[in-house]
Each structure stands twice: as C-alpha cells, then as structure tokens.
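Novice: Could you look at this predicted model? Sequence included:
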Amino acid sequence: MKHDARAHARRNAAAANRRALIAARVSRRDLMKMGLLTSAGFLVPKNGLSARASGGNPQSPPTRAFIEPLPIIPVKQPVAALTPAPTIAPNVAAGEGRTRNHQALARFPPAKLYEVHQKAAPLSVSPDLPLQTIWGFDGLCPGPTYIARYGEPILVRNFNELPAENGGFGLNEVTTHLHNAHTPSESDGFPCDFFRAGQFYDQHYPNVLAGFDSTHPPSGDPNEALSTLWYHDHRADFTSQNAYKGLEGFYLVFNDRDTGDETTGFRLPSGEFDVPLMLADKVFDENGVMFFDLFNLDGILGDRFMVNGKLQPFFQVHPRRYRFRVLDGGPSRFYEFFLTDPDAPNTSVPFWQIANDGNLLPRPLQVTSVRLGVAERTDVVIDFSQFAGRSIILENRLEQTDGRGPTGNILPAGQGNALLRFDVVLPPVADQSADPASIVKFYDLPPIEPPRVTRTFRFERNNGQWAVNGRFFDCNEVRFRVQRNTAEKWVLQNNSGGWQHPIHIHFEEFQIGSRNGQPPPGVERSRKDVVRLQFNEEIAIFFRFRDFSGRYPMHCHNTVHEDHAMMMRWEIDDVGDLTTQP
Amino acid sequence: MRLRSSLVVFAIVALSPAAIWSAIVPRAFRVGRGPEAIAFDGTSLWIANQFDDTITRFGVDQRRALQTVAVGRRPVAIAFDGAHVWVASLFANTVTMLRPDDGSVVGTFAVGGGPGGLAFDGASMWVASRESNTVTKLRASDGAVIGTFPVGRRPITLAARDGSVWVANQTSNSVSRLRASDGAPLGTFQVGDGPFGLALDGQSVWVTSFFGHRVVRLRASDGAVQSVSPVGDGPSGIVFAGGNLWVANNGSSTVTVLRQTDGAPLATIPVGRGPFGIATSLTPVTGVGIWVASFGNNSIALIDPRQIL
Amino acid sequence: MAHIDRRTCLALAGSAWCSALLAGRGEGRTLPSPRDAIRARYFPNVALRTHHDRHVRFYDDLIKDKIVIINFMYAECEGVCPGITANLRKVQTLLGDRVGRDIFMYSITLKPAEDTPAALDAYATMHDAGPGWLFLTGDPGDVELLRRKLGFVSPDPRLDADTSQHIGNIRYGNEPRQLWAACPGLASPRWIVESLSWLDRRESL
C-alpha cells in the first residue's frame, strides 16, 4: 500500500517537474546536454531513472551528465628491480601465492619489471554522489594502462593488499587475467589460482606472437598480433563482484606496424589521440553508494553509465582523428554505440572500425555503430574535424531491460543512454595519422587448417544453474585435453530460450568459421576472443593451441553467469583427447 | 474441420494432489541435433533437428526413425494440418510443406522475419515471425499468403481454436488474440515473465511463463487470470492430454503434469536435457504417448501417461 | 567543478528532486554499515519453525555471525530436490562436526502450508540429515517474503527483469564478513565444501 502511494506521489511530482521544465522553454537539445533525458526520452523523474532499472535493484539517485571531464587513465611505469628477484619456482617463503613454475621465464627473460598493488581506495564518480570505496590496481579504477610491445617480455609482481572489510561485496582473494594474451597458464589468471591478502603473484607476460614454437618459429605469426587487451580479476565465484568493485584495466600492445607513432607503420592516431574508454554500468543505492545485487543470478543491469570511472563525462577534443579503444567492462550489459549529433539526431554519423577484440581487422570498415558484449573490445577511429566547434555524443541505443540479454531493439537517436559527450572545442592541430579510407590492409587472417577434432558445447540452464553440456564448473575437473600445437573446431550452440551469452575462451584468438552455417558477416571476419551466442545460434570456431601448456578456462563472460558455473576447465598437454561433447 | 485429434479422454483414478514420480525414466530415442519442435500426424512424429537443418519422421509404433528430410536452415517449429506437415525455418525465412506419408516436399514458401511458430486454424496455417514481430496467414492448400498482421515483440508460439489465433509475445510479456478469418486484433493480455508456450481449451488459454517458473491460465474472453501453477524452470512447450496439461521445463529438464480443472501440479518427470517441444500421440499399438523433444541431448523421450496417473 | 547548489537546483527542477540530489551526495546522513544494509535488504527477521518444532528468528538465530548454506526444497518433491538433499548430506559428511558449530545448513520449504515441522522431520530423517542442518517452515507469507529476499523469486514481478531460477542452487555465505555467493546444488560435494572453505579463512597471512 505504502509503496503504491509513494509511486503515485512520484508520478505526480515527475509530472510537475516536466511541466516546470517545459515552461522554462528548455530545449530538447539542452535537456540532453544536461543529461536530463532518460533512456525512454522522458525527463528524469525526481528520484532516479525510469522504471527500466533492473528488477529488485534500487534506482540510482539522480546524477547530472557531462559535468566532469573524461579521466585519462595513467600509464603504468616499470620499476628498476624487484626484490626478491623473480624466480621460476614460486617464492613461497617470500609470500608468493603462485603454485606452478613459470614455463617460459628463461626463454623470455623480462625486459621490463612492474609491480602493482591491488588495494581499496576512494573514487569520485560524480559530484552528485559521495566518494565511493573501490578496489583498484594501484588504487585506481580503471587500473593503470600497461603499454607493451611484442618482443619485449615483462613480468608483473601483483600484490594483494585488499582489505577483509569489503563494504558489502567482493572477496579479497584475487587472480588477475590478462584478456586475451598468449600467456603461459600459470600467469594467465586461472580462476582457482587466486592468492590471498598479504601475498603476491608474479605474472610473466612474454608478449610473444602465437606460433613461435610451432607454426612460425622463432618469433611467431605476425598476423596473430593483438592490440587492445584488458586485465581484470577472475576469481572463481566472485569475478562479477570483484570486477564490479573496480579491478579492471587496459593493456595495450604495439609492434612495428601498430607502432604507437602515427607517423610510422599503419599510422594510427597515437599518443594523446589514442584513448582507451572503459564502459561500465553501475547501480547506486539510496545513499549514493555503489550497489551490487548479491542474490542475482541472471545478470545485473546498471542504470548509471561510467566511462573510465566517471559517470557520463565530457571529453574535449581537437578537430582531428582519434583512436578509441572501447571496452564493455560489464557486468552484464550489451551495448551498441552510435555517434549522435544533438543538432540532427536522426542523421547517421559514420566512423571507422579498425579492430575486433583487439585484433586489427583485415582492413578498416566504415560503420555507424558497433555492438559489444561483456569483454568485447573494439578500436574505432573517429574524425572530429567535421564537428569543429560542436558536440557529439557517444550513445548506446541497444535496448536492454534485464540482465539476460538485450531485446534487440535499437532505440531512436537521443533515446538511448548517453555515455560520453565529445566537445570539439580544442584548437586545430596537425594530424599525421592515415585516413582509414586509405588503409588497404592491416593483417591477413591466418589460414584455417583441418582440425584434429570437433567438439560441441551446448550452453544451457540445468536445474536453474548455468551449465555447459549439462555440467557445472568445478575447478578441479578437467573436461577435456587439447594436444599442444594442434588445431580444433569448436561448435557452440544455444537454444530458443531467452538467454544470450558472450562466450570467451582464453589463450589464443579464434576465427569464426561460420555463424549458423554461413561465413560470418563483415566485422566478424576477424580474429576474436569473445563471441556472442544468440538465440538458436550455432557458431563454429577454429583455433590453435600453440607453444604453451597447462590449464585454461572457457566461460560465458556475462560475469553473473560466469560466477554461477557457466565455465569449464580444459588443458593443453602433449597428448590431448578426442572427446566430442566434453 | 480437418483437425486430426490426438487427444484421448481416459478415466483418471482419483489420486493424492502431490503424487510425484522420479522413478519413471522415460525412454529416449536419438534424433538429429538440437531438436526443439515436435508434432504428430496420426501415425508418426515429426521432429525438427535445428542444427542439422532436417526433420526426422519417427514411427511411433515402430519406435524408430523412419526418414530424414532436408528443410531450410534452422527448423524450429512443426505443425500438422490434417493433410500436410509444415516446418518453419528460422534462418531461411521459409516455411516448407510436406506430405506426411513419404516426406516429399510439396512447396517451400517465403515468410520473412524469422519464422519460428506455427499453428493451424482449420483452414489456414499461421506463422509467427520472431524478428519482424508479425504473424502471417497462409492458405493451407497452397501456401499462398493471405495476410500479415503485427503482434507483440518476439512472437514465439501460436495456437488456434474456435476462430481465434493466439500468439505468445515473449519479449513484450503478452499474448495477442486475433480473429482467424481476417487477422483483426481481438485483445492483448499481459502475461509476465516471458510467455513461451500456449494451450487452448475453449474457455481458457494456458501460457507457460518461461522466466517465471509458472503456467498462467487466462480466461479467453478477457484475459483475466484464473489460476497460476508453479512448474519447473524455463517452462516452454505445453500440450493437453486427457484432462491434464503436460509442460516441458527447459531449465530443469523435467515435465510437469497439471490438472486441467484447477491447474494443480500432479507430477514431475525427469526427461532428457533441455526439453522444449511436447506433443501427444495416439496409435493402435502404443496407445497414448507423451513425447518431449530434448534440445540438450539430441533425443526425444516417451512418457506413458498410464504409468504416471 | 562547483556542486550544483540548492538555489540553482530549485530554479531548475523543484524541491523534491533537489533533496534527492543533495541526499545522494550523502550530505547530512549517517550511512548504515554494509552489514546492516545487507541484513535489511536480504534477511528479514521472520519467525520460522525448525523440523524439531523450535521457534527461531531468521536473521537473529540463523544467519547472524554464522557461515551458512541455504537451499529451498519441499518434502514431497521427487524431482530435483532429493538429488540436492542427498548431495548436501554428503557435504555435511565432509564437513563433519563443524556443521552446527560454526557452519549451518538450512533447507527452507517452498510449500510452508503443507510442510509442517513433522513433515520436515520425516523428510530429514528419510535423508539422514545430521545435527546442525535445519529444515524450516513458517507462516506462508513470511516464507514467501524470505524466498523473494533471498533471490529465489523475482523481487518485483511487475518488471520483466531478473527473475528467479534457483530451483537448484544453494547460497553460501559468511555473514559477518559480508561474503555471499552461490553454487549449483548438484555440484560435486567436494567442490561445494571447497567453495565454502573460501569464506572461512582466517585473516590475511
């Protein structure tokens, strides 16, 4: 009863609010600029977003958009030395939580050393909300960006200094996964390789191209180069909580073609014009404190949109090309982002997509939108010169009303979620990057060879829990074994029910051989490491398992599904097996 | 009306309300990959093997597959109109019409927007398109398109009876009722949490609520809720068999039996993984059979209702 | 950047909006502790009866200061419930005498109207449940509230949003440490015990 009366009062108050604003002749454009339009295009009701907040979650308090600038994430700096020096065997006496030897440390001695400290820290996401206590790498959310180069191995000493007091969610036992580098298993952040507060874990990242010890010795296949990776906590059963709490960051890799210098190689925008954007949707409770629904098993939808740790920031840019590395940082939402011109919302604004999951495409593709599931990344090039003096908004128009999956509806321009506003107000500067229209080729797709075995994986619900082939995740259970340096074909299947899954497999990039029997469309003709499995889909992927051995997972990257058993452990060894429905 | 009824009315001995079996293990038979849809033509079952792009004709009394026929990509719905078998191919945007005695294809008709649901109203075959949010009425004799009508979002299943066609709109949480003669909308009724399957008994519409673990019974005239029955996780297909409703629970891999008079759950039977479609058969040798298509393990399962009730 | 002040806010939007805005910044409010916030949101202190017909309060007697495993069942269920109950019996065996001492197992009925304490006692006996594992029933309204709060049912049926599924999962948690997760009720008992052990650490090394 009380609830109804409150709801009634809310609606009345909202109506009065609308009338007042309309009377003030605030234009629709101004409303959008002020962030006062909801996803349904209505004025923000007085106590939060419209009733599209996911069931059971509180509705976040009102916050204004475009009030603060986009944070530029600091670059991680190496250290001169680590004490004690890294060893192949875990240094248990010194407090290392690793349990297996580095398999390739001698072969790829680190050229750079890093140390990172996972700890609690305050974060201001908006002037309209109190300071949040987050868990971040070096106390930052997003964590610092690693800049790496192929051929330059590194080692990161990862300290767990997280507190036992978790503020309501999160567990201070962590394991950090670098998604999706070609990394030896013991450094890959396997879900049960977690280490405790007070311990550290040395992670060795060879930064080597796949194939160095198999198909393309001695330094690997150049066509397997990755550019945009990200790192995040991957602790079994608590991944969604820990990642939501802030344990995520970027890791960018360069080489002699994607050089980081826009005057050389592919000549992609670089330096201050190469900007990572981490998208993360959040919910805040009635006290303005970041909230995580502990007892949700379908997926969590936020009603506030964070980019690089700020809610709906603005970003002042020069009228030239920029490269943005856009990541869907979860926990569960799918995005399809567009560029919306507030003065002419119904016009399409094209831009260039140059990478899929950190893999530069065979060639740049001109697009008007990009869809991302959790953990998918895309690199895009936007040329702001056509918008000099004006603003343009990065807007998510994919409708999603609950954590299970998007409805598939694309909302009209201006009625989606405004993520970030680009203000093209800085003075003109030289642009020495190449026009993507003139780039004929990035890389070739590696050829698909006959697989040693074809395995089928059905993604299902089983007695209310998420399962693959009817079984649940158990860290100790090896579901199948792959023979090192061979190729396999994996078939992923989903049924008509209402759930959709972004499936991620560690270790190497795969190619989508077919989506529902057909070769994949345009932008999916790429190497990828996350594939969206939608209704009735059967996706065949092809990949190899080269060079290293050990345990790796496959899982749904809707982090809430992931934490509720939609995962399996497989291993690479020198023998392998031929199980077709593991 | 050329509907071949496969229902039978048999006397049910009074039983205790919560008599539930798990000891019964329905017999399972392998079919093609990823079956979701199943229908009976009087002697055989037809199963849509969505990942093989084929349908299987399964002899009920012979207890084995008799034939496999290629159809358009991703067949997810099957229906029998008394004379022909119809298959909707979701990705091919076609509906295929076949002769049941030999599986020969009579015609393949374009129906756009992701056809994924079928129902026969006595004269016409209705097709639900999941992507375009429409239903299309085809003349049953030759597949000619008579009309296309808008419905709610993600129309998954259809059922037809007494001059009305009902549509379960999964994403808009509603069921639509259309007049079969001209597609005129007769009402749209709220049914929460992802309505998936439909069964009609003349006075009521029984709707499985996929995300709500329940079956909701609506009064056909005005959509008023008459009963709500708890079932398993992810209830999808639902069918009448003699005084009861049989519901396939996709997420718990069971079949729930509900009493038609009041919706009370009577039994829960474990079946193969991920059941979706459910159909009844009536043949001389087998008598009545309840058949469930299990997406998860490429099989169909037979439940003998006499063992349960 | 300057915070929007109350006067500007009023000019823009109106007093209730502004109150919410200023309140959202946590000005002038003492916040509940996270543990209290979790208790208020998820653990109503409803009255329940155990299968020994003892009266208990859900939060005060069963959850507070404890490590717990919670699942839902009902006595005449012969589908998935017996499988989970049998599985949990093996978990109890592996946990030994810790159950009832610092780890507590609770099976709550989905049919409180039918499952009297006596019926639950018969069920517990049938499955050989040991001490420290309680089967619980209560007033149907209270049990229904509990079921919703624990996430076994959609909290707000009006929204076509996250809904329950949890026929087969078990929730496990360490209440004082605010650690909560879930795992399949049919997962191997050894895995369930291992998952539970994660919550049970002494503090950092």
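Specialist: Arrived safely. Numbers count the residues shown, from 1 in each chain, chains lettered A, B, ... in the order given.

Novice: Show me the domain layout of chain C.
Specialist: C:6-40, C:47-197 (automatic domain parsing).

Novice: how about the residue lying closest to A:D529 once chain neighbours are set aside, what does it touch?
Specialist: Nearest in space to A:D529, with sequence neighbours left out and distances taken as C-beta to C-beta, 6 or more residues apart in numbering or on different chains, is A:N180 at 3.8 Å. No exception for glycine: its C-beta is placed from N, CA and C like everyone else's. For A:N180, the residues meeting the contact criterion (C-beta atoms under 8 Å, 6 or more residues apart in numbering or on different chains) are A:226, A:229, A:357-358, A:504, A:506-509, A:529.

Novice: circling back to that earlier point, can you tell me which of the domains of chain C the model trusts least?
Specialist: Ranked by mean pLDDT, those bottom out at domain C:6-40, with a mean of 64.

Novice: tell me the average confidence for stretch A:337-357?
Specialist: Mean pLDDT, stretch A:337-357: 95.

Novice: circling back to that earlier point, comparing the domains of chain C, which stretch has the densest surroundings?
Specialist: Counting by mean count of other C-beta atoms under 10 Å in any protein chain shown, domain C:47-197 has the highest mean neighbour count of the domains of chain C, with a mean of 20.

Novice: Start and end of it, how far apart?
Specialist: End-to-end distance for domain C:47-197, by C-alpha to C-alpha, to the nearest Å: 29 Å.

Novice: before we move on, the earlier item: which one among the contacts of A:N180 gets closest to A:H557?
Specialist: Nearest to A:H557 among these is A:H504, at 4.5 Å by C-beta to C-beta.

Novice: Near the closest one, how many other residues are there?
Specialist: A:H504 has 24 neighbouring residues, counting by other C-beta atoms under 10 Å in any protein chain shown.

Novice: residue closest to the middle of chain C?
Specialist: Centroid check for chain C by C-alpha atoms, centre = their mean gives C:L150 as the closest residue, at 4.4 Å.

Novice: was I right about that residue contacting A:F295?
Specialist: Yes - using C-beta atoms under 8 Å as the test, C:L150 is close enough to A:F295 to be in contact (6.0 Å).

Novice: any shared contact partners between these two?
Specialist: Shared contacts of C:L150 and A:F295 (C-beta under 8 Å, 6+ apart): C:42, C:171.

Novice: Chain B contacts on chain A?
Specialist: For chain A, the contact set with chain B under C-beta under 8 Å from any C-beta of the partner chain comprises A:404, A:407-409, A:458, A:460-464, A:470, A:493, A:495-498, A:516-517, A:535-536, A:538.

Novice: Would you map the helices across chain C?
Specialist: C:6-12, C:15-24, C:34-42, C:80-95, C:117-126, C:140-149, C:189-198 (DSSP state H).

Novice: Distance to A:D138 added to these, as a markdown table?
Specialist: Shown next, in a markdown table, are these (distance: least, C-beta to C-beta, whole Å):
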| stretch | distance to A:D138 |
| --- | --- |
| helix C:6-12 | 36 |
| helix C:15-24 | 28 |
| helix C:34-42 | 24 |
| helix C:80-95 | 39 |
| helix C:117-126 | 51 |
| helix C:140-149 | 37 |
| helix C:189-198 | 25 |
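
Novice: between the ones you listed, which gets nearest to A:M566?
Specialist: helix C:189-198 (14.9 Å).

Novice: Report the angle between the closest one and helix C:80-95.
Specialist: 60 degrees (axes from the mean of the first three to the mean of the last three C-alpha atoms, to 10 degrees).

Novice: Narrow the contacts of A:N180 to those in strands?
Specialist: Counting by DSSP state E, the part of the contacts of A:N180 found in strands is A:229, A:504.

Novice: Now tabulate the contacts of A:N180 in CSV and tack on distance to B:I278.
Specialist: Shown next, in CSV, are the contacts of A:N180 (distance: C-beta to C-beta, whole Å):
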residue, distance to B:I278
A:L226, 47
A:L229, 46
A:D357, 40
A:G358, 45
A:H504, 34
A:H506, 39
A:F507, 41
A:E508, 42
A:E509, 41
A:D529, 38
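
Novice: out of the contacts of A:N180, which are buried?
Specialist: With burial judged by 16 or more other C-beta atoms under 10 Å in any protein chain shown, the buried subset of the contacts of A:N180 is A:226, A:229, A:357-358, A:504, A:506-509, A:529.

Novice: What is the nearest of these to A:L113?
Specialist: Nearest member of these to A:L113, counting by C-beta to C-beta, is A:L229, at 18.9 Å.

Novice: What residues sit buried inside stretch A:151-170?
Specialist: Burial within stretch A:151-170, assessed by neighbour count using 16+ other C-beta under 10 Å, is assigned to A:152-162, A:166-170.

Novice: Does it reach chain C?
Specialist: Yes - judged by C-beta under 8 Å from any C-beta, stretch A:151-170 and chain C are in contact via A:164-169.

Novice: Please list the residues of chain B that sit near chain A.
Specialist: Counting by C-beta under 8 Å from any C-beta, chain B comes close to chain A at B:33-34, B:36, B:50-51, B:53, B:73-74, B:76, B:90-91, B:116, B:130-131, B:153-154, B:156, B:170-171, B:194, B:210-211, B:233-234, B:236, B:250-253, B:273-274, B:276, B:295-297.

Novice: Pretty sure A:Y322 sits against A:F387.
Specialist: No - taking contacts as C-beta under 8 Å, A:Y322 lies outside contact range of A:F387: 11.6 Å.

Novice: which residues does B:P115 bridge with?
Specialist: B:P115 has these beta-bridge partners by DSSP bridges: B:S129.

Novice: ok, now which ones touch it?
Specialist: Here B:P115 is in contact with B:77, B:88-90, B:93-95, B:127-130, B:136 (C-beta under 8 Å, 6+ apart).

Novice: Those into JSON lines, with extra columns for neighbour count, secondary structure and distance to B:R57?
Specialist: Formatted as JSON lines, the contacts of B:P115 follow (neighbours: other C-beta atoms under 10 Å in any protein chain shown; DSSP: H, G, I helix; E, B strand; the rest coil; distance: C-beta to C-beta, whole Å):
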{"residue": "B:A77", "neighbour count": "27", "secondary structure": "strand", "distance to B:R57": "16"}
{"residue": "B:A88", "neighbour count": "30", "secondary structure": "strand", "distance to B:R57": "17"}
{"residue": "B:S89", "neighbour count": "25", "secondary structure": "strand", "distance to B:R57": "17"}
{"residue": "B:L90", "neighbour count": "27", "secondary structure": "coil", "distance to B:R57": "20"}
{"residue": "B:N93", "neighbour count": "19", "secondary structure": "coil", "distance to B:R57": "24"}
{"residue": "B:T94", "neighbour count": "22", "secondary structure": "strand", "distance to B:R57": "19"}
{"residue": "B:V95", "neighbour count": "26", "secondary structure": "strand", "distance to B:R57": "18"}
{"residue": "B:V127", "neighbour count": "30", "secondary structure": "strand", "distance to B:R57": "21"}
{"residue": "B:A128", "neighbour count": "30", "secondary structure": "strand", "distance to B:R57": "24"}
{"residue": "B:S129", "neighbour count": "23", "secondary structure": "strand", "distance to B:R57": "26"}
{"residue": "B:R130", "neighbour count": "25", "secondary structure": "coil", "distance to B:R57": "26"}
{"residue": "B:T136", "neighbour count": "24", "secondary structure": "strand", "distance to B:R57": "25"}
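
Novice: Much appreciated, bye for now.
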